[in-house]
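1. Provided below are the primary sequence and the corresponding predicted coordinates.
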Protein chains: 2
Amino acid sequence: MTIITSVETADIRFPTSTSLDGSDAMNPDPDYSAAYVVVHTDAGDGLEGHAFAFTIGRGNDVQVAAIELLADHLVGRDAEMLLDDMGSTWKLLAHDSQLRWLGPEKGVMHMAIGAVVNALWDLKAKRAGQPLWRLLARMTPEQLADLVDYRYLSDALTRDEAVRILRDAEPGRAERERLLLERGYPAYTTSPGWLGYSDEKLERLCREAVADGFGQIKLKVGGDLADDVRRMRIARRTVGEGFPIAIDANQRWDVAEAIEWVGALREYDIAWVEEPTSPDDVLAHAAIAREIAPIPVATGEHAHNRVMVKQFLQAQALQVLQIDAARVGGVNENVANLLLAAKFGIRVCPHAGGVGLCEAVQHLSMFDFVAVSGTTEGRMIEFVDHLHEHFVTPTVIEGGSYTAPTAPGAGTQMHAASVEEYRWTAERATA
Amino acid sequence: MTIITSVETADIRFPTSTSLDGSDAMNPDPDYSAAYVVVHTDAGDGLEGHAFAFTIGRGNDVQVAAIELLADHLVGRDAEMLLDDMGSTWKLLAHDSQLRWLGPEKGVMHMAIGAVVNALWDLKAKRAGQPLWRLLARMTPEQLADLVDYRYLSDALTRDEAVRILRDAEPGRAERERLLLERGYPAYTTSPGWLGYSDEKLERLCREAVADGFGQIKLKVGGDLADDVRRMRIARRTVGEGFPIAIDANQRWDVAEAIEWVGALREYDIAWVEEPTSPDDVLAHAAIAREIAPIPVATGEHAHNRVMVKQFLQAQALQVLQIDAARVGGVNENVANLLLAAKFGIRVCPHAGGVGLCEAVQHLSMFDFVAVSGTTEGRMIEFVDHLHEHFVTPTVIEGGSYTAPTAPGAGTQMHAASVEEYRWTAERATA
């Protein structure tokens, strides 16, 4: 028996607001932060489970406090029992009736569950000596189907359907694993497009993005229409006709405004329109999607759980699903989201960036390619070149693709030195 | 100038789990709790703004910590400026871009905003020497319309429409204020129906509810169908034919299960089906509503913001809107919810109970009667006879109606002695 001895947390904040990296129409001055968690056991094998919730600064301490609430469910428990049945472990955390009231299944408390679930997956993958994507991709369809909480899903996806989807993808697994290791997984980059950047920086970064082999770039929009037209014109001129440029409004618009704004930019050829309005607003996204078609609507990074993803799919409110590794209830809930996307035939292009989101979410897309959808067609993972140096196994981008990680774990472990250097305290904040 | 000098908090927990008061299909053992906040000023008039977020136990400390994050926006600021323009004050709190990431507009962080907003309204009403309902009901249509954040609402409700709704209700205000003071506002009671109660207790409480003049009772369901049938039969037999009995599943079902379960109970005549499934699931509620019609679907106590309420109305996913005083962003967002309900012609029957929810939400229904919908037809406020003794101005029920409060404030102030007695500390918890 291996006992979980402690659940350690850290409040880590990077002062990114000083450089306007990450600035968009809704988030003018983010300080990229991680509410970090480490699960320790008495195994004596040196293996720990590391993960985090991602925030953008203030409130990261509350996010950490929420993670600490979950320690009672883990400390003193048999790690093997918890890790062997991650479906039940998810329910243990997500169905705590008193904590559930704080969501339910949304916001600070649900992100805390996601962080702890992901830390357990990191530990499970390390113990198995496998990168998370491969650990998942080698589980049986039944084992994978059992990771999902079907509560509130059964009108769109049952366990039987999940098993069927996974069985259909089983024959090609080995070949796709080989292909993945050989070619990696396609990426696109948002680095050129932050609102706070000058036109010169935008142009330079657009040029570099194409030269680096990325398959798409993305521009933040929604601050000022004249600025957006100018920046879009510069970007289009720089990358040339036919190269995909997506735009991202970060929830800035109402329905009519979104339709009008996209209308003013569509002559520059838009690959997708991301987060046009409130992430809660399934019906508004559906209305926008109908009006701006055939331009696809992309969203999902703030879809707070599988119930929201289900509805977006049912209502044809998105054409590109952007899962996020740290917003929902961790790997388990993202397995549900991937299965839902497969069921509805919708492509998944994960949200990444922030702190460690690239490192984490690549495993989900790679698993999806090998064992769920079986394809990378029209799919790519967002890439933002920030803060990777703080991770023990940082993403490796080659020729515009994510290289498949081979190190054991979920990719979510930071260097101890980084944790110490960027550990936030009230004293440091006022210094 | 009056300066806000401090924002004080308290973690208050009542050990209600020991009596199974408040037990339902999803919340077997709640400890009703308040993340309590007091806003102090230097006015020297002895007036403070009191309010709270309601939780059911574990995590109340995290809820308190989230409230504390907002103190920076208030302490040192001019209270008069903030209170004179509560629309802008709401945005100051809700649009903090870094804190917004923790929702956005949902869960722990949004409930914290609601608590602080409500504390400011309590202070504003006390300074005006008015109960909150009358303070609101005497504001002009334009002043009221300016309380609402129309972001994400404009496809269903614009400021112009809000003003029109409020102007239409203006002529009868004085007469309805008189009627309200004379007759109170209708109530129904949930006290008989908790899952943890014996059949004998159920029967006795049903009899008392009718004798006390309540217009409806409500039973918790969703644990076990045979039990529900038996309890429903007892309740129906006790209250007699024609007396309204609502049922409340507290989010327990999926779509097909809800339809089936309601089918098995409908012979007992159901007044409404409350929270049949996930509070996030607009489309599921709409599907259930279509299938169980003409039995109405009631929900909203966990609808986390105006965007959710808007969608439930647009999709005809509810026929009874159950606003909650402490789930959304406080009075301002509930004014938006009341205006949305008026726009869509939907009746509002607030959720109450918990800690102080009756005390708080009655002001919103009374304001709605005087200045928004202008009617109490088919409307009533939930009443649960718990914990009122801890409030300085507890609800007064007479003949099955809420008596209109006349004391200045929002009704959300607890006795100092109660705050001290039930203040939770880690030491006390393990004692």
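-> Done, it's in.
2. out of everything not next to it in sequence, what's closest to the residue in chain A that chain B sits nearest to?
-> Of all residues in chain A, the one sitting closest to chain B is A:G107 (1.8 Å; CB to the nearest CB). All C-beta atoms are positioned from the backbone trio N, CA, C, and that covers glycine. Spatial nearest neighbour of A:G107, excluding adjacent residues (CB to CB, 6 or more residues apart in numbering or on different chains): B:G107 at 1.8 Å.
3. okay, now the one you found: neighbour count?
-> 26 (other CB atoms under 10 Å in any protein chain shown).
4. for it, what are its contacts?
-> Going by CB atoms under 8 Å, 6 or more residues apart in numbering or on different chains, B:G107 touches A:L102, A:G103, A:K106, A:G107, A:V108, A:M109, A:H110, A:H304, B:H304.
5. just the pLDDT for the first one.
-> Pointing back at A:L102 there. pLDDT for A:L102: 97.
6. name the nearest residue to it, sequence neighbours excluded.
-> Nearest one to A:L102, counting by CB to CB, 6+ apart, is A:M109 at 4.0 Å.
7. C-terminal to the host helix or strand of the one you found, what's the next element?
-> Assessed by DSSP states H and E, A:M109 sits inside helix A:107-128. Next helix or strand after helix A:107-128 toward the C-terminus (DSSP H and E): helix A:132-137.
8. chain B contacts on the stretch 201-350 of chain A?
-> A:251, A:254-257, A:277-284, A:287, A:302, A:304-305, A:307-308, A:310-311, A:314-315 (CB under 8 Å from any CB of the partner chain).
9. quick check: end-to-end length of stretch A:270-279?
-> Distance across stretch A:270-279, first residue to last, is 20 Å (CA to CA, to the nearest Å).
10. again but with stretch A:203-222, I slipped
-> Distance across stretch A:203-222, first residue to last, is 19 Å (CA to CA).
11. next one: that stretch to chain centre, how far?
-> When C-alpha coordinates are averaged (CA atoms, centre = their mean, to the nearest Å), stretch A:203-222 and its chain have centres 20 Å apart.
12. got the buried residues for that stretch?
-> Buried residues in stretch A:203-222, defined by neighbour count with 16 or more other CB atoms under 10 Å in any protein chain shown: A:203, A:205-206, A:208-210, A:212, A:214-222.
13. burial check on A:K126, number of neighbours?
-> For A:K126, the count of nearby residues is 23 (other CB under 10 Å).
14. tell me the contacts of it?
-> A:K126 makes contact with A:L47, A:E48, A:G49, A:P408, A:G409, according to CB under 8 Å, 6+ apart.
15. among those residues, name the ones in strands.
-> Mapping these onto strands (DSSP state E) picks out A:G49.
16. the contacts of A:K126, buried ones only, as a PyMOL selection?
-> To isolate the buried ones among these in PyMOL, judged by 16+ other CB under 10 Å, type:
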select buried, chain A and resi 47+48+49+408+409
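17. format the contacts of A:K126 as TSV; extra columns: distance to A:R178 and pLDDT.
-> TSV is the format used below for these (distance: CB to CB, whole Å; pLDDT from 0 to 100):
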residue	distance to A:R178	pLDDT
A:L47	28	98
A:E48	31	98
A:G49	29	98
A:P408	19	98
A:G409	22	98
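18. rewinding a little: A:Y152 versus the residue of chain A closest to chain B, what's the distance?
-> With distances taken as CB to CB, to the nearest Å, A:G107 is found 17 Å from A:Y152.
19. next one: A:L202
-> 42 Å.
20. kindly report the same for A:E8.
-> 33 Å.
21. comparing those two, which residue is more hemmed in?
-> In terms of neighbours (other CB under 10 Å), A:Y152 is the more surrounded of A:E8 and A:Y152; the figures are 22 against 17.
22. counting neighbours, which bits of stretch A:170-186 end up buried?
-> Using 16+ other CB under 10 Å as the test for burial, stretch A:170-186 gives A:R173, A:R176, A:E177, A:L179, A:L180, A:G184, A:Y185, A:P186.
23. hmm, A:M366 and the fifth one touching each other?
-> Yes. With contact taken as CB atoms under 8 Å, A:L180 and A:M366 are classed as touching, separated by 5.8 Å.
24. where do the contact lists of these two overlap?
-> A:A404.
25. and stretch A:399-406, end to end?
-> Start-to-end span of stretch A:399-406 (CA to CA) is 18 Å.
26. and the strands in the stretch 101-250 of chain A?
-> A:185-193, A:217-220, A:245-248 (DSSP state E, counting those that start in this stretch).
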